[in-house]
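**Student:** Kindly return the folded structure for what I paste below:
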Amino acid sequence: MPTAGGEGSTELVPAEWLVDDFVASLSGSSPNTRVAYERDVRQFVAWAGRGACAAPARLDHRALRRYLAYLNTRGFARRSIARKAAALRSYLRFLRRRGVIEVDPGRSLRAPKGDARLPRVPRRGEAVAMLDSVAVLDAAASDGGAVDEPTALVRRDLAVLELLYGAGLRVSECCALTSEGVDLARRLVTVTGKGGKSRRVPLGEPARAALGHYLEGARAMLARPATPADALFLNSRGKRLTPRDARRIVARYPMADGQRLHPHALRHAYATHLLEGGADLRAVQELLGHSDLATTQIYTHVTRDRLRAVYDASHPRA
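**Tutor:** The predicted model follows:
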């Protein structure tokens with residue numbers, strides 16, 4: 001993978017750039033955003049320090065455009081460059097607030113966005129069949145009555161899958177769920193999304209049942225003395241489930257054709273199937289926790305493609 005300014009570079013950053021202070025200011029952002037923005041900003045400062053700009057006060061729009069051009073020559077994808085530009089805009093706003101720069105040159109900084117690429121979206125029947133196959137494993141594992149560790153893991157897996165598809169959670173949101181955020185009686189979960197924003201998401205009956213089944217004894221079986229008390233989902237070591245753990249869970253249960261999904265594909269399926277069923281676009285926006293309706297609209301393209309396929313296959317004048 002191409003690097004800018006040395007991926008993971010340990011170059012000493014002059015204090016006047018306030019990079020550590022900037023990273024500290026991102027406390028309300030998701031862990032992934034903080035890591036990405038810190039890496040992107042440190043790479044930019046390293047590049048600037050090699051001759052492009054000796055001090056932040058000398059930054060201008062021309063220098064920023066040169067940096068984006070540099071990234072392009074290094075072979076970075078358009079989506080990566082767009083993210084790095086977003087990190088720079090955030091960083092420069094911070095420097096302006098702190099009085100390090102008088103004018104924010106990042107206000108007009110634009111980078112071409114890459115094409116929004118959706119993962120394969122399983123059809124309704126495929127998603128239901130996959131979840132039903134895990135439910136069968138859960139029933140078979142629970143047949144003896146006692147909840148041992150293999151049974152607990154299957155129950156956890158089913159609950160995670162049901163929340164990813166049945167509630168449309170981001171994988172980071174699912175892993176960050178707390179026991180206090182679950183209201184089985186009203187079939188709701190409280191989710192902390194991007195930017196620290198909270199929302200309540202309704203659960204379908206299969207998700208409520210799977211989650212209740214997990215809480216009946218499976219979580220206690222997976223818990224260890226050092227287990228965080230508020231963590232809902234645990235891995236086999238008793239630690240809070242991580243996004244990597246969740247990806248492994250989803251990959252463990254392939255579709256009927258053998259294809260393995262990414263967790264985000266289940267979120268995409270959730271949105272797509274809601275829209276195909278006639279759900280209002282703004283309601284889906286709220287359910288997904290999107291701040292911008294344009295982000296939700298990408299799912300309408302998938303729906304239109306499927307409607308076209310149905311029309312082509314079914315109508316005599318297609």
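**Student:** For T178, grab phi and psi.
**Tutor:** phi -110, psi 160 (degrees, to the nearest 10).
**Student:** pretty sure it contacts F233?
**Tutor:** No. Judged on C-beta atoms under 8 Å, T178 makes no contact with F233 at a distance of 9.9 Å. (Glycine included, C-beta is placed from N, CA and C.)
**Student:** out of the two, which sits in the busier spot?
**Tutor:** Using other C-beta atoms under 10 Å, the more surrounded residue of T178 and F233 is F233, with 25 against 16.
**Student:** which residues does that one contact?
**Tutor:** Counting by C-beta atoms under 8 Å, 6 or more residues apart in numbering, F233 makes contact with R156, A159, V160, C174, C175, L177, R219, R240, L241.
**Student:** any idea how far it is from A218?
**Tutor:** Here the criterion is C-beta to C-beta, to the nearest Å. By it, F233 lies 10 Å from A218.
**Student:** List the backbone torsions phi and psi for P202.
**Tutor:** According to degrees, to the nearest 10, P202 has phi -70, psi 150.
**Student:** I'd like to know which of the contacts of F233 is nearest to T33.
**Tutor:** Nearest to T33, judged by C-beta to C-beta, of these is C175 at 15.2 Å.
**Student:** confidence score at the closest one?
**Tutor:** The model reports C175 with a pLDDT of 95.
**Student:** repeat for S314
**Tutor:** For S314, pLDDT reads 70.
**Student:** Over to the one 4 residues further on?
**Tutor:** Looking at A318, its pLDDT reads 57.
**Student:** A strand includes V121, no?
**Tutor:** No. Applying DSSP: H, G, I helix; E, B strand; the rest coil, one finds V121 to be coil, outside a strand.
**Student:** isn't it right up against A265?
**Tutor:** Yes. Taking contacts as C-beta under 8 Å, V121 lies within contact range of A265: 6.3 Å.
**Student:** following the helix or strand hosting A135, which helix or strand comes up?
**Tutor:** For A135, the host element (DSSP states H and E) is helix 124-141. The helix or strand immediately downstream of helix 124-141 is helix 149-166, counting by DSSP H and E.
**Student:** Show me what that next one is packed against.
**Tutor:** Here helix 149-166 touches helix 124-141, helix 171-175, helix 205-213, helix 219-222, helix 243-251, helix 263-276, going by 3 or more C-beta pairs under 8 Å, 6 or more residues apart in numbering; DSSP states H and E.
**Student:** what mean pLDDT does the last one have?
**Tutor:** The average pLDDT within helix 263-276 is 91.
**Student:** Now do it and helix 124-141, the angle between them.
**Tutor:** On the basis of axes from the mean of the first three to the mean of the last three C-alpha atoms, to 10 degrees, helix 263-276 is oriented at 120 degrees to helix 124-141.
**Student:** got the angle for helix 263-276 vs helix 243-251?
**Tutor:** Using the same axes, to 10 degrees: helix 263-276 against helix 243-251 is 60 degrees.
**Student:** Need the residues that contact helix 263-276.
**Tutor:** Taking C-beta under 8 Å, 6+ apart as the rule, helix 263-276 contacts 118-122, 124, 127, 161, 164-171, 174, 243, 246-247, 250, 281, 283-284, 287-288, 296, 299-300, 302-303, 306.
**Student:** Try it again at 7 Å.
**Tutor:** Contacts of helix 263-276 with the rest of the structure, by C-beta atoms under 7 Å, 6 or more residues apart in numbering, involve 118-122, 124, 127, 164-165, 168-171, 246-247, 250, 284, 288, 299-300, 302-303, 306.
**Student:** quick one on the thing from earlier: residues shared between the contacts of F233 and A218?
**Tutor:** R156.
**Student:** CA-only coordinates of stretch 286-297, as CSV, when you get a sec.
**Tutor:** C-alpha atoms of stretch 286-297 as CSV (Å, rounded to 0.1, in the frame of the first residue of the first chain):
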residue,chain,number,x,y,z
GLU,A,286,-33.1,7.9,11.1
LEU,A,287,-32.8,4.1,11.7
LEU,A,288,-29.3,4.0,10.2
GLY,A,289,-28.1,7.1,12.0
HIS,A,290,-27.1,8.9,8.9
SER,A,291,-26.6,12.7,9.3
ASP,A,292,-27.0,13.2,5.6
LEU,A,293,-29.9,11.9,3.5
ALA,A,294,-27.6,11.6,0.5
THR,A,295,-25.7,8.8,2.3
THR,A,296,-29.0,6.9,2.6
GLN,A,297,-29.9,7.4,-1.0
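**Student:** From the chain's centroid, how far away is it?
**Tutor:** When distances are taken as C-alpha atoms, centre = their mean, to the nearest Å, stretch 286-297 is centred 13 Å away from the chain's centroid.
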